[in-house]
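**Q** Structure for this input, please:
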Amino acid sequence: MSRGLSITPPEGVGVPPRHPQAPAPGALLGSHNQDCFGCGASHPTGLHITAFAGEGMTITAKFTVGEHHQGAPGLAHGGLLSCAFDEALGKLMWLVRAPAVTGRLETSFLTPVQVGKTLYITAEIVGQEGRKIYCYAEGRIGGADGPIAVEAAAIFITVPVEHFIENAPESYRASLFGSAAPELEINP
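**A** Predicted structure coming up:
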């Protein structure tokens, strides 16, 4: 699994079952928000990651590094690559049909990723303990069998859907609920 990443599930922790209503293998995993920097089609300089459900507890995703994504001249910014892996790993939650947030993310950069290159990401859920879902991913350059450029591990924490509603701007909640938008206490 990991080449030096410290995030691993505790010993004896099992992989959760795939939800009966999870997308079928090969299905495109949609965007949770069209303005999302990671997967939203409407974000002008976003990553525009596309992801597909895989077999078992896996997904595949693709991300092409554009000029707006560079750090050093001609190379992807490391923080931006971490963002891409956060997005890809988050797509795994489609398989358990549970809303979740990133609790911890760790990335390991094995080789530079040049502007114009596409990262082919495979990600999988490797364990669950209570609300913690443990995930691992690797990104390859030049195709699914190319050299590994980046790997990542994460812990996602399942949360009630109200977490997202309570923390959304009032204008967004109004767009969802109209004039019947629930009165919610917003956390400072």
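
**Q** So Glu87 lies in a helix, does it not?
**A** Yes. Using DSSP: H, G, I helix; E, B strand; the rest coil, the secondary structure at Glu87 is a helix.

**Q** So that it lines up with my notes, have the first residue be 27 from now on.
**A** Will do, 27 is the new start, and the previous item becomes Glu113.

**Q** what's the neighbour count on it?
**A** Neighbourhood size, Glu113 [other Cβ atoms under 10 Å]: 25. Using the backbone N, CA and C atoms, a C-beta is placed for each residue, glycine as well.

**Q** next one: the one 10 residues further on
**A** Residues contacting Arg123 under the criterion other Cβ under 10 Å number 12.

**Q** In contact with it, which residues are there?
**A** 45, 47-48 (Cβ atoms under 8 Å, 6 or more residues apart in numbering).

**Q** Quick check, pLDDT for it.
**A** You'll see Arg123 listed with a pLDDT of 94.

**Q** what about it, distance to Ala180?
**A** Distance, Arg123 to Ala180, by Cβ to Cβ, to the nearest Å: 18 Å.

**Q** Over to Leu107?
**A** 14 Å.

**Q** Could you do Phe111 as well?
**A** Phe111 is 8 Å from Ala180, by Cβ to Cβ.

**Q** Pick out whichever of these two has more residues nearby.
**A** Set side by side, Phe111 and Ala180 show more neighbours around Phe111, with 28 against 25, by other Cβ under 10 Å.

**Q** how about the helices in the protein?
**A** 104-116, 119-122, 188-193, 196-203 (DSSP state H).

**Q** which parts of stretch 81-94 are buried?
**A** Residues 83-89, 91 are the ones in stretch 81-94 that count as buried (16 or more other Cβ atoms under 10 Å).

**Q** ok, now stretch 166-173?
**A** For stretch 166-173, by 16+ other Cβ under 10 Å, it's 166-167.

**Q** Need the residue closest to the centroid of this structure.
**A** Glu113 (2.4 Å; Cα atoms, centre = their mean).

**Q** Strands - which of the buried residues of stretch 81-94 land there?
**A** Mapping the buried residues of stretch 81-94 onto strands (DSSP state E) picks out 84-89.

**Q** possible to save these as TSV with pLDDT?
**A** Formatted as TSV, those follow (pLDDT from 0 to 100):
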residue	pLDDT
Thr84	98
Ile85	97
Thr86	97
Ala87	95
Lys88	94
Phe89	91
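
**Q** quick check, nearest of the residues you listed to Thr184?
**A** Ile85 (17.2 Å; Cβ to Cβ).

**Q** Flag the helix or strand of the chain with the lowest per-element mean pLDDT.
**A** helix 188-193 (a mean of 67; mean pLDDT, DSSP states H and E).

**Q** list the contacts for the nearest residue to Gly142 once chain neighbours are set aside?
**A** Among residues not flanking Gly142 along the chain, Val91 sits closest, at 6.6 Å (Cβ to Cβ, 6 or more residues apart in numbering). Contacts for Val91 (Cβ under 8 Å, 6+ apart) come out as 102, 139-145.
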